[in-house]
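Q: Quick one: sequence and predicted model below, then my questions.
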Amino acid sequence: MPTFNGIPTPEDGGRISVQNNKLVIPDNPTIPYIEGDGIGRDIWKASQRVFDAAVEKAYGGKRRVVWYEVFAGEKAFNKFNEWLPKGTLDAIQHFIVAIKGPLTTPVGGGIRSLNVSLRQVLDLYACVRPVRYFNGVGAPVKHPEKLDVVIFRENTEDVYSGIEFQEGSDRAAKLIEFLKDYGYQVNQDSGIGIKPISITGTKNLVRRAIQYAVDHKKKVVTLVHKGNIMKYTEGAFRDWGYQLAKAEFRDHIVTEDELWKDHNGQMPEGKILINDRIADAMFQQLLLRPDEYQVIATPNLNGDYLSDACAAQVGGLGLAPGANIGDAAAVFEATHGTAPKYADKDVINPGSVMLSGVMMFEHMGWQEVADMITNAIVKTIEQKKVTYDLERQMEGATKVKTSEFATAIIENM
Ligand code: NAP
């Protein structure tokens, strides 16, 4: 059995593998997990109980997950004096599918966000964030149920590439000088960041978004960009997105141009519409016409903003799951952070990690488990047994602890 971070992997676990581009899942897969910092400790405990109960109920002991803890964040730092040990990355690469809680971003020079490092080192190029409404949850809009989108956010490029030069540094000064030679005036007292967007990164992401639409019979994929201002990055993202759609999904798609030019505005039966929207307009669109959008593909920063805004629109971050997916591995994680003020208090909403688990089980093809968890969460919220964040927005709700919420979900399976 291989060993990572000096800790042997469980002997009773099998290894997920890839054959012909498809995952092959044993009945007893070893799945590495990172508990996470802050509220990660509360929500992981509650979520793991729910996952195990759902697998047991769905398969009556024929299948089970063998959990294997790997370390990142504060727990890793305390144990190994490293924020993101290589053994953790190796374990995720080895076992292909992993799940994690939120991680503190260490404050101080030279240490990058652990989440960003994890995504870049493992080339988890697509951040997938489904946003839907759960009946009964208080929301700030009149019709939260009209929003049901899956956001595909590019996960490795854009201003997240980490190429930044501090104001006053030699490098910033050199760049400013260099730009002057090309006729660009940049204030001497500027910090500078670089925004790379590549054909490869864009096409990998848009391919996944359209494939998702094909697999799930969605009707529209929207490329969201700020190409009117950033022509060679965001504008290119839009152009490469359309190119890929036409080159690789010709039989499945119609672009918005073609819809009017060739089809008189009438969508042909069974086709997926590929359109694009400018990012600022998209924030309005999602508030005013949410039901016109289903799958969104967008560069990194737009995707970050949009997914939090969408989560708020349906009632908050407590129920916002996510996945980071690449060709070689996938890591499932909640959208929110470590909310340190609630850590170890057993109060926080674990729904986001539970729903990230739902995405993980769907990714593995264990659909029965995914459905069982989703249905039990829906039922528990309808019974108005909810954590503080939902209780404060719901009339007549009973406030339960994190652990009690998990128990209620298990009882509702
Ligand atoms: P945060 O941890 O997401 O918390 C902000 C607020 O969101 C909380 O105070 C709470 O609002 C609400 N919230 C978050 N999770 C919730 C949950 N499970 N249930 C209910 N409400 C929830 O954001 P932050 O305070 O800006 O960041 C704290 C740390 O997390 C930072 O170190 C940051 O870098 C890190 N972070 C990590 C990740 C990640 O690991 N993927 C993502 C984002 C941030 P109320 O107080 O109003 O209830």
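A: Looks like it came in fine.
Q: For the residue of the chain at minimum distance from the ligand, which non-adjacent residue is spatially closest?
A: Closest contact between the chain and the ligand, by Cβ to the nearest ligand atom, is at Gly337 (2.4 Å). Any C-beta I mention is one placed from the backbone N, CA and C, and that applies to glycine too. Excluding the flanking residues, the one nearest Gly337 by Cβ to Cβ, 6 or more residues apart in numbering is Pro102, at 4.9 Å.
Q: Ok, Phe51 next?
A: Gly357 (5.2 Å).
Q: got a list of what the one you found touches?
A: 47, 50-51, 99, 332, 373 (Cβ atoms under 8 Å, 6 or more residues apart in numbering).
Q: In strands, which of those residues fall?
A: Among these, the members found in strands (DSSP state E) are 99, 332.
Q: Max pairwise distance over the contacts of Gly357: which two?
A: Among those, the pair separated by the greatest distance (Cβ to Cβ) is Val50 and Phe332, at 13.9 Å.
Q: quick one: the strands in the stretch 201-350 of the chain?
A: 220-225, 253-255, 272-278, 295-298, 323-325, 330-333 (DSSP state E, counting those that start in this stretch).
Q: Near the ligand, which residues of the chain? Just list them.
A: Residues of the chain lying close to the ligand (Cβ under 6 Å from any ligand atom) are 102-105, 115, 316-318, 333, 336-339, 348-349, 352, 389.
Q: Just want the most central residue of the chain.
A: Gly322 (3.0 Å; Cα atoms, centre = their mean).
Q: quick one: average confidence on the lengthiest helix in the chain?
A: As assigned by DSSP state H, the longest helix anywhere in the chain is helix 40-59. Helix 40-59 shows an average pLDDT of 97 in the prediction.
Q: Mind giving me the packing neighbours of it?
A: Contact partners of helix 40-59 among helices and strands, from 3 or more Cβ pairs under 8 Å, 6 or more residues apart in numbering; DSSP states H and E: strand 30-34, helix 351-364, helix 367-382, helix 402-411.
Q: Just give the strands next to the shortest one in its sheet, each with its orientation.
A: Translated: strand 30-34. According to DSSP bridges, strand 30-34 forms sheet pairs with strand 66-69 (parallel), strand 97-100 (parallel).
Q: Kindly provide the distance from Ile373 to Asn135.
A: For Ile373, the distance to Asn135 equals 16 Å [Cβ to Cβ, to the nearest Å].
Q: likewise His252?
A: Relative to Asn135, and taking Cβ to Cβ, His252 is found at 32 Å.
Q: Looking at the two, which is more packed in?
A: His252 (16 against 10; other Cβ atoms under 10 Å).
Q: Return the residues in contact with the more buried one.
A: 210, 214, 271-272.
Q: Next, format those residues as JSON lines and append pLDDT.
A: Output for those, formatted as JSON lines (pLDDT from 0 to 100):
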{"residue": "Ile210", "pLDDT": "98"}
{"residue": "Val214", "pLDDT": "97"}
{"residue": "Lys271", "pLDDT": "97"}
{"residue": "Ile272", "pLDDT": "98"}
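Q: Make a markdown table out of those and add distance to Glu157.
A: Output for the contacts of His252, formatted as a markdown table (distance: Cβ to Cβ, whole Å):
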| residue | distance to Glu157 |
| --- | --- |
| Ile210 | 19 |
| Val214 | 24 |
| Lys271 | 30 |
| Ile272 | 25 |
